[in-house]
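1. All I have is the shape, not the residue letters:
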Ligand SMILES: Nc1ncnc2c1ncn2[C@@H]1O[C@H](COP(=O)(O)OP(=O)(O)OP(=O)(O)O)[C@@H](O)[C@H]1O
């Protein structure tokens, strides 16, 4: 502001304040006038003083954010989401704590200098007592959503700003902070900030609801709505109940909806039956474990209100520690490095158990076994379990993935070669995989990828039980049991000529179908098993909340047990207190369920998190280390899961996405975001 404008701004404030009736003297919003009055008479601020906004050091900022980590974590996704809605209009989005300190910031980084100069940046302190009338500070004092536009600011140096803010209240009604969108170059009038203000208010309500639900995660939460149609989707209007049905807290929407009924009394401590025409037991009987919406009537005024009930997230959570599973299933979870037994792998699925019994009858006979099943169904683990259960257990188990070895090497890998067999051959030659497995088991994974030219040679080995290495003349006798696996339809492979018919008959002594996860009748049990393995040596007991278990049990798992393992690994990395709730599941799994359900039943946090992932800043110009260093624990876990899937599938994106159950677009976006670069592009 130029000196002349500063003077006229100061004069305007003074003429409004000095000995006048503030409400009537000038056309100033009473809320602004009251704030000016505080600034002048109580805080003694000089409106013409040009001192810049106080900005905390990084260490001071950390001190501020540490105690409110849960709040900032929940609010962060809403800040990002809000920012995407207003970024194009030239706004920055700020999250401030209850002291007015900016603890989170989103804005166009090209204007970082300008944002910093005017104090719209991380660490800036927007207290009314220091900065005078300003969006954040005044919203904290008044505890209402408001827009402080241009000359509404008390200090002349802030008069180029426009700030729309809404306070965020805790379940007990105390201010947690303020969410704000601000601009230093808005040419729009104050009236035209209305839309920004509405968006800010909506975000504040979302954060309050998410915070409320997360605070009362272990309690019953009644969701109320005046309209049946909106009962399942409306955010807010939440009442937390303890195990006896007494009200622990109600958010401000619920307090205002029930204000007439209460006549000024507090809701907290009241049994639910004192407020509605239903007692707690009846409520549980009707609503517990269902997504039903029930009409209730208030006791005194008889108003109809629609309610649904969210169960405590750890209510009857299934204990799945290693020890407990062992007792529950009377089976020992294999120790690290110990092979899985066939009975263990069969789980509680009766048809799989039957098939395992059949395998046990043939595994010691010279009959090859063909394992068929979708990717990740555990074919290799079964092959190992068969080997360890058979009389060959003490001998080698050699696995060859025919899809992973380049066609040019597969012959020498399998059959070995004599010294000097070809240029580049090791001087002493090499025993191939077939000879390495002598006495034991040769596991040929992805047999459908065995090159057609090698199939007759393999057939000969199987038929004659001898192998001739490359460059050799004398066949060497070999005693092995062959187990093959494929995820493809073997008959189709034969029909299209990918697999020779005679080889097929030789390999398919007995075939064994591994069911996809979605067809297993013991899915919950299997989830428990995999979790117990993933939890490993964790000293903390680990549990899965009912709802999260239901979502996982219903998920189609295109990547089968491998995908389940990755999802649980991720959930374990991000969950709190060892309890996996819906909010800890990867977003692709949450979003697989009915969108309505996902929106209502899981924490809004999760929904927001998913949206936020679509538009985080691209790290393309940063180094990979920088990118990884800047990731949250949750993001690092997600990065690891994606990286492992890509490495496992030799960077074949189509296979990795199938396993992870995400789209190609998503994996490319995430690779970009997490700095995952395929080896051929490094
Ligand atoms: N019953 C089980 N319990 C726990 N983990 C399992 C079980 N079965 C498989 N897994 C895990 O699932 C993952 C996939 O298993 P495996 O590699 O045996 O599947 P596959 O069918 O051979 O996969 P692909 O077809 O992709 O080669 C492995 O990490 C394995 O540890």
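-> That came in fine, so what should we check first? Keep in mind it's a predicted model, so treat the numbers as computed, not measured.
2. in the helix of greatest length in the chain, what's buried?
-> Across the chain, the longest stretch assigned as helix under DSSP state H is helix 194-215. Within helix 194-215, the residues that count as buried by 16 or more other Cβ atoms under 10 Å are 196-197, 199-215. All C-beta atoms are positioned from the backbone trio N, CA, C, and that covers glycine.
3. Skipping its backbone neighbours, what lies nearest residue 70 in space?
-> Taking Cβ to Cβ, 6 or more residues apart in numbering as the measure, residue 70 lies nearest to residue 214, with 6.7 Å between them; neighbours along the chain are not counted.
4. Please enumerate the helices of the stretch 301-450 of the chain.
-> Along the stretch 301-450 of the chain, the stretches classed as helices by DSSP state H, counting those that start in this stretch are 322-329, 342-346, 350-362, 379-389, 407-415, 433-436.
5. Name the helix or strand for residue 260, please.
-> For residue 260, the element it lies in under DSSP states H and E is helix 259-262.
6. now for that helix, which elements pack on it?
-> For helix 259-262, the contact count by 3 or more Cβ pairs under 8 Å, 6 or more residues apart in numbering; DSSP states H and E identifies no helix or strand as a packing neighbour.
7. Going by neighbour count, list what's buried in that helix.
-> If you call a residue buried by 16+ other Cβ under 10 Å, then helix 259-262 has these buried ones: 261, 262.
8. gap between residue 48 and the ligand?
-> Using Cβ to the nearest ligand atom, to the nearest Å, one obtains 69 Å as the distance from residue 48 to the ligand.
9. Could you work out the end-to-end span of stretch 570-581 for me?
-> Taking Cα to Cα, to the nearest Å, the first and last residues of stretch 570-581 lie 12 Å apart.
10. Just the mean pLDDT for that stretch, thanks.
-> Across stretch 570-581, pLDDT averages out at 78.
11. what sits against residue 236?
-> Shown in contact with residue 236 (Cβ atoms under 8 Å, 6 or more residues apart in numbering): 205, 208, 209, 251, 252, 253, 254.
12. how much space between it and residue 276?
-> Computed as Cβ to Cβ, to the nearest Å, the residue 236 to residue 276 distance reads 18 Å.
13. what does residue 162 give?
-> The value you get for residue 162 to residue 276, if Cβ to Cβ is used, is 44 Å.
14. Likewise for residue 433?
-> Taken as Cβ to Cβ, the spacing of residue 433 relative to residue 276 amounts to 71 Å.
15. for residue 585, same thing?
-> As defined by Cβ to Cβ, residue 585 lies at a distance of 33 Å from residue 276.
16. follow-up on the earlier one: follow the chain on from the helix holding residue 260 and name the next helix or strand.
-> Scanning the chain past helix 259-262 towards its C-terminal end, the next helix or strand to appear is helix 272-275 (assignment: DSSP H and E).
17. What is the neighbour count of whatever residue of the stretch 301-450 of the chain ends up closest to the ligand?
-> Nearest to the ligand, among the residues of the stretch 301-450 of the chain, is residue 378, at 3.0 Å (Cβ to the nearest ligand atom). Per other Cβ atoms under 10 Å, the neighbour tally for residue 378 reads 19.
18. my read: it touches residue 564, true?
-> No: contact between residue 378 and residue 564 fails when scored by Cβ atoms under 8 Å: they sit 10.5 Å apart.
19. Give me the phi and psi angles of the closest residue to the ligand within the stretch 1-150 of the chain.
-> Among the residues of the stretch 1-150 of the chain, residue 73 lies closest to the ligand, at 30.2 Å counting by Cβ to the nearest ligand atom. Dihedral angles phi and psi of residue 73 (degrees, to the nearest 10) take the values phi -70, psi -40.
20. And it, what's its pLDDT?
-> According to the predicted model, the pLDDT of residue 73 comes to 88.
21. cool, residue 105 as well?
-> Looking at residue 105, the pLDDT reads 94.
22. bridging residues for it?
-> The partner list for residue 105 in beta bridges (DSSP bridges) reads residue 94.
23. pretty sure it is touching residue 83, no?
-> No: counting by Cβ under 8 Å, no contact exists between residue 105 and residue 83, whose distance comes to 9.1 Å.
24. More neighbours: these two, which one.
-> A side-by-side neighbour count of residue 105 and residue 83, using other Cβ under 10 Å, places residue 83 first with 22 against 19.
25. So which elements touch the helix or strand where the more buried one lies?
-> Assigned by DSSP H and E, residue 83 falls within helix 69-86. The helices and strands touching helix 69-86, judged by 3+ Cβ pairs under 8 Å, 6+ apart, are strand 92-97, strand 102-106, strand 175-183, helix 194-215, helix 604-613.
26. now that helix, how far from the chain's geometric center?
-> A distance of 15 Å separates the centroid of the chain from that of helix 69-86, by Cα atoms, centre = their mean, to the nearest Å.
27. next one: stretch 60-67
-> Centroid displacement of stretch 60-67 relative to its chain, using Cα atoms, centre = their mean, is 25 Å.
28. so which of the contacts of residue 236 comes closest to the ligand?
-> Distances from the ligand to the contacts of residue 236, taken as Cβ to the nearest ligand atom, are shortest for residue 209 (36.9 Å).
29. Surely the closest one is in contact with residue 252?
-> No: between residue 209 and residue 252 there is no contact, the gap being 10.6 Å when judged by Cβ under 8 Å.
30. and the stretch 451-600 of the chain, which residues reach the ligand?
-> The interface of the stretch 451-600 of the chain toward the ligand, taken as Cβ under 6 Å from any ligand atom, is made up of 487, 529, 530, 533, 561, 562, 565.
31. run the last query once more with 8 Å
-> Counting by Cβ under 8 Å from any ligand atom, the residues of the stretch 451-600 of the chain close to the ligand are 485, 487, 514, 526, 529, 530, 533, 560, 561, 562, 564, 565.
32. returning to what we had before: what's near enough to touch the residue of the stretch 301-450 of the chain closest to the ligand?
-> Contacts of residue 378 were listed using Cβ under 8 Å, 6+ apart, and they are 345, 514, 560, 561.
33. for those residues, which one is nearest residue 467?
-> For these, the residue nearest residue 467 by Cβ to Cβ is residue 514; the value is 29.0 Å.
34. can you list the domain ranges for this structure.
-> 3-203, 216-310, 350-514, 624-681 (automatic domain parsing).
35. On the pLDDT front, check residue 63 for me.
-> The score at residue 63 is 83. That number is its pLDDT.
36. Mind telling me what element it is part of?
-> Here residue 63, judged by DSSP H and E, is contained in helix 58-65.
37. got the contact list for that helix?
-> Residues from elsewhere that reach helix 58-65, judged by Cβ under 8 Å, 6+ apart: 56, 72, 97, 99, 101, 103, 122, 123.
38. do that again at 10 Å, thanks
-> The list of residues contacting helix 58-65 from outside it, by Cβ atoms under 10 Å, 6 or more residues apart in numbering, reads 55-57, 71-73, 96-99, 101-104, 122-125.
39. Mind giving me the ChimeraX select for the residues you listed, buried ones only?
-> Typed into ChimeraX, the next command selects the buried ones out of the contacts of helix 58-65 (criterion: 16+ other Cβ under 10 Å):
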select :55,56,71,72,73,96,97,98,99,101,102,103,104,122,123,124,125
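40. show me the contacts for residue 294.
-> By Cβ under 10 Å, 6+ apart, the contact set of residue 294 is 222, 228, 231, 276, 278, 282-283, 286-287, 305-309.
41. and it, bridged to which residues?
-> Bridge pairing for residue 294 (DSSP bridges) gives the partners residue 307.
42. Who are the contact partners of residue 646?
-> Residue 646 makes contact with 652, 653, 655, 656, 657, 659, 660, 667, 671, 676, 678, 679 under the criterion Cβ under 10 Å, 6+ apart.
43. out of those, which one sits closest to residue 548?
-> Among these, residue 660 lies closest to residue 548 (Cβ to Cβ), at 18.5 Å.
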